[in-house]
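> generate a structure from the sequence data that follows.
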Amino acid sequence: MPRASSFCGVILAAGASSRMGRDKALLPWPPQAVAKGGTFLSAHIERLTAFAEMVLVVAGANAASLVPIVNGAGAFLIPNPAPERGQFSSLQAGLQAVLNYGRDAAIVALVDRPPAAVATLQQLRAAFLASDPHQTWAVVPQYGERHGHPILVAREMMEAFLRAPATSTARDVEHAAQAKIQYLAVEDPLVTANVDTLEQYEELCQTFRSA
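Presented below is the predicted three-dimensional model:
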């Protein structure tokens, strides 16, 4: 049975951004076009819209501030009823919404870093579509020795995440299903970028301005 050729995009954006001191979803991006009002969130929605039939944004206490961006980009807001439980609760909320919308494949991205390059998403999608549905439940990008995001997941992987206890982490579930995960080497440092502090964000912006 061939893979589904369409995806649902899921952006996890419910974090408190406590170390940053401001909502990372609303950080200006890209740095070359700050005057245009772009943000991490709008950049993610725009990028995933080119690869997905619909894009879902999982929000928490920050939902009200994200609504204008989500609605303006034609995406859908998914509330996380318990964001205090951490990122895994957002993942479960987003994936349940994917299944509720009748989709069998998803591209899951984190809003606390810039979106991956177009070429990276093309590689990930091609690898996912070419994989054996019985052998591969997910395709995960790898830069150097580190695994990153976005990840592409099939229904089987979504169900594994949803069956897991609320106290689990995505890493726990991925480790248990490691034999069903394809790790794909990419030349894109953004898939593993860490933007937890203002200093890291400013360093990232300077790198892009100099590129």
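
> pick out the residue closest to the middle of the chain.
When C-alpha atoms, centre = their mean is applied to the chain, the residue found nearest the centroid is residue 109 (0.6 Å).

> so who does that residue touch?
Residue 109 sits next to 9-12, 44, 48, 115-116, 149-150 when contact means C-beta atoms under 8 Å, 6 or more residues apart in numbering. For the C-beta atoms, the positions are set from N, CA and C on the backbone; glycine is no exception.

> low-confidence stretches in the protein?
Scanning the chain for pLDDT under 70 picks out 1-2, 4, 32-36, 210-211.

> coming back round to it: can you flag which of the contacts of residue 109 belong to strands?
Counting by DSSP state E, these place 9-12 in strands.

> and residue 117, how many neighbours?
16 (other C-beta atoms under 10 Å).

> skipping its backbone neighbours, what lies nearest it in space?
Computed as C-beta to C-beta, 6 or more residues apart in numbering, the closest residue to residue 117 that is not its neighbour in sequence is residue 188, at 5.0 Å.

> quick one, what contacts that neighbour?
116-117, 119-120, 141, 143 are the contacts of residue 188 under C-beta under 8 Å, 6+ apart.

> write a PyMOL command that selects only the buried members of the residues you listed.
In PyMOL syntax, the buried subset of the contacts of residue 188 is picked out as below (16 or more other C-beta atoms under 10 Å):
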select buried, resi 116+117+120+141+143
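
> right, and the pair among the contacts of residue 188 with maximum separation?
119 and 143 (13.0 Å; C-beta to C-beta).

> which parts of stretch 80-89 are buried?
Here stretch 80-89 shows 80, 83, 85-89 as buried, counting by 16+ other C-beta under 10 Å.

> and if you look at stretch 21-39?
Buried residues in stretch 21-39 (16+ other C-beta under 10 Å): 23-31, 38-39.

> contacts for the helix or strand where residue 207 lies, please.
Residue 207 belongs to helix 198-210 when assigned by DSSP states H and E. The contact list for helix 198-210 (C-beta under 8 Å, 6+ apart) reads 20-21, 24, 27, 30-32, 114, 193-195.

> quickly name whichever of the contacts of residue 188 is closest to residue 128.
Of those, the one sitting nearest to residue 128 (C-beta to C-beta) turns out to be residue 141, at 11.2 Å.
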